[in-house]
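> please find the sequence and the predicted model below.
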Amino acid sequence: MVLDSFGGSLKKIFSRITGYSLVDKEKVESVIIELQRALIQADVDVGLVAELSERIKKSVLHEKLPPSMTLKEVLVKGLYDELVWLLGEKPAVVQLKGQRILLIGLFGSGKTTHAGKIAKWFQARGMQAGMAACDTHRPAARDQLAQIGKKIKAPVYADGKKPLDIAKNAMKKSKEAVLIFDSAGRDALDNELAEELRELGKAIKPDEVWLVIPAELGQDAGRQASEFSKLVGITGIVVTKLDGTAKGGAALAACRAAGASVKFIGKGEQPGDIELYDPKRFIGRLIGYGDLAGLMEKAKEIGIDEDAAKRMLEGKFTMHEFQEQLKSMKGMGPLNKVMDMIPGASSGLMKKLPKGFMDIQEGKMKKWEHIIKSMTPAEKEDPDTINVSRVKRIAAGSGTSQQEVRELLKSYKQIKKVMKLTKGGKAFKRGPFAKLAKQLGMGM
Ligand SMILES: Nc1nc2c(ncn2[C@@H]2O[C@H](COP(=O)(O)OP(=O)(O)O)[C@@H](O)[C@H]2O)c(=O)[nH]1
Ligand SMILES: [Mg+2]
């Protein structure tokens, strides 16, 4: 992620604090000044930075120290809490059956791409999603959506000449639990666009109208959110392209300051590159202790038991963990996301994974699961003990070929190597944020 300038200076601030043997009022003030500088450099609105500083001062200096906490700990926690405050709240995205979501925004903001990502997000939660191609402005827009639909296996409705007709036809035909409407953009929010979107809104009566904003706008995202909000009404925001800018924090803060709730963040061009917005996770990643809370949550969501998640963070990776990963990939395809959250799992390491591993076919995954089931408990714990004759037996027992068993073992080994290199658990346990994480209930 290109959040380095913002993330980098935050990290520095946090590790400086950890290095202090004693924190006094003066140190708190100098930390706040440093933080202000970092935020303004990252394009966060000056007014917001001032407000944030006041809040930190208040919570750190003006309140009585809780028993058993030092000023240093209070400062770290205060900074963290207020940074999370700056970025708003985690949204509740309703998984309502029969809901309609209208995506609006300027040219190139990522509407069409994110229609697909959001559809996939719902699919992963057991809800079928369809998409309506209501952008008739750009000749290629419908094709673009049709291609995305093919990729994620979601129906795309495009019958009709005008956006209104297409929307109406889509509503008639769609039987999916969620129907997402892609709309046309413009270079700016002019009267023509506002009118088109209002009409579209009247016909669709959407449950949600989400404004799609690219993160590189930085603090200007707030202005755009207010503008759209006034003219057409929105219920939330999707901030896109967080992978390409250091201004993401500023954009998120600005949306929140404009009173708009960020629902999703997008960080890549692939259908899986989307996340429900979670400021805690965002800040956690920025300051660099990886995303334990997120990993734990994901673990629960996909039914990995917490033990397995913890073992993984500690760098343990037996066939059991591998099996959990395969299970999770089936539903949500998140192995790369899970890796994303492990401290130190850099993209360089990811490149060492077997080619195409992140998008293994469903069919192959099923086979792999069968193969693992055919192993003995001891073999699962230590797959290195599997010899040629066992490969034969396992292949026979699982109805696969020896070639497939060997391929699975090879993939497992490569991943294990990567896991070892990341040393996730160790970095975290000794890291400067171990204490903080403990206080936040993320400790282990
Ligand atoms: N890196 C990156 N590129 C994105 C993201 N979202 C969209 N894009 C790219 O931005 C361009 C415009 O996206 P598109 O969905 O067509 O925007 P629209 O005009 O609002 O429909 C395309 O090339 C997308 O691949 C993202 O989150 N990250
Ligand atoms: Mg488009």
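Nice, thanks for sending it over. Ligands and ions are numbered 1, 2, ... in the order given.
> just the closest residue of the protein to ligand 2, please.
Across the chain, the shortest distance to ligand 2 (Cβ to the ion) belongs to residue 112, at 3.3 Å. Quick note: C-beta positions are derived from backbone N, CA and C, even for glycine.
> so that residue sits against residue 144, correct?
Yes: at 5.2 Å, residue 112 counts as touching residue 144 under the criterion of Cβ atoms under 8 Å.
> the more surrounded of these two?
The neighbour comparison of residue 112 against residue 144 (other Cβ atoms under 10 Å) goes to residue 112, with 24 against 18.
> spit out the contact partners of the residue of the chain closest to ligand 2.
Residues in contact with residue 112 (Cβ atoms under 8 Å, 6 or more residues apart in numbering) are 135, 141, 144-145, 148, 182.
> tell me which two of these sit farthest apart.
The most widely separated members of these, counting by Cβ to Cβ, are 135 and 148 (12.5 Å).
> what about residue 237, neighbour count?
30.
> number the residues from 27 up from this point.
With 27 as the first residue, the last one maps to residue 263.
> can you say which helix or strand has it in it?
Counting by DSSP states H and E, the element that carries residue 263 is strand 262-266.
> any idea of the angle whatever helix or strand comes next after that strand forms with strand 262-266?
Towards the C-terminus, the helix or strand next in line after strand 262-266, according to DSSP H and E, is helix 274-283. Relative orientation of helix 274-283 versus strand 262-266 (axes from the mean of the first three to the mean of the last three Cα atoms, to 10 degrees): 170 degrees.
> next secondary structure element downstream of helix 274-283?
Going down the chain from helix 274-283, the next helix or strand is strand 288-292, by DSSP H and E.
> which intervals of the chain have sub-threshold pLDDT?
Within the chain, the stretches with pLDDT under 70 are 27-31, 94, 314-343, 347, 350-389, 441-470.
> what does it have sitting close to ligand 2?
Selection of the chain residues close to ligand 2 by Cβ under 5 Å from the ion yields 137-138, 167.
> residue 186: which of those is nearest?
Of all these, residue 186 sits closest to residue 167, with 13.6 Å by Cβ to Cβ.
> ok, that closest one - contacts?
Applying Cβ under 8 Å, 6+ apart to residue 167 gives the contacts 138, 159, 161, 208, 210.
> out of the residues you listed, which is most surrounded?
That'd be residue 208 among these, by other Cβ under 10 Å, with 29 neighbours.
> host element of residue 73?
helix 72-87.
> so that helix versus helix 274-283, what angle?
Between helix 72-87 and helix 274-283, the angle comes out at 90 degrees (the same axes, to 10 degrees).
> buried residues in helix 72-87?
Neighbour-count burial for helix 72-87 flags 74-75, 78-79, 82-83, 85-87 (criterion: 16 or more other Cβ atoms under 10 Å).
> and the helix or strand following it, how far out from the chain middle?
Tracing the chain C-terminally past helix 72-87 and defining elements by DSSP H and E, one meets helix 97-112 next. Centroid separation for helix 97-112 versus its chain: 23 Å, with Cα atoms, centre = their mean, to the nearest Å.
> in the stretch 227-376 of the chain, which spans are helices?
Using DSSP state H, counting those that start in this stretch, the helices of the stretch 227-376 of the chain run over residues 246-257, 274-283, 305-313, 318-327, 332-339, 345-358, 361-367, 373-376.
> so what touches the helix or strand where residue 54 lies?
Assessed by DSSP H and E, residue 54 sits inside helix 51-67. For helix 51-67, contacts defined as Cβ under 8 Å, 6+ apart pick out 31-32, 35-36, 39, 42-43, 46, 72, 74-76, 78-79, 82-83, 86-87, 97, 101, 105, 275-276.
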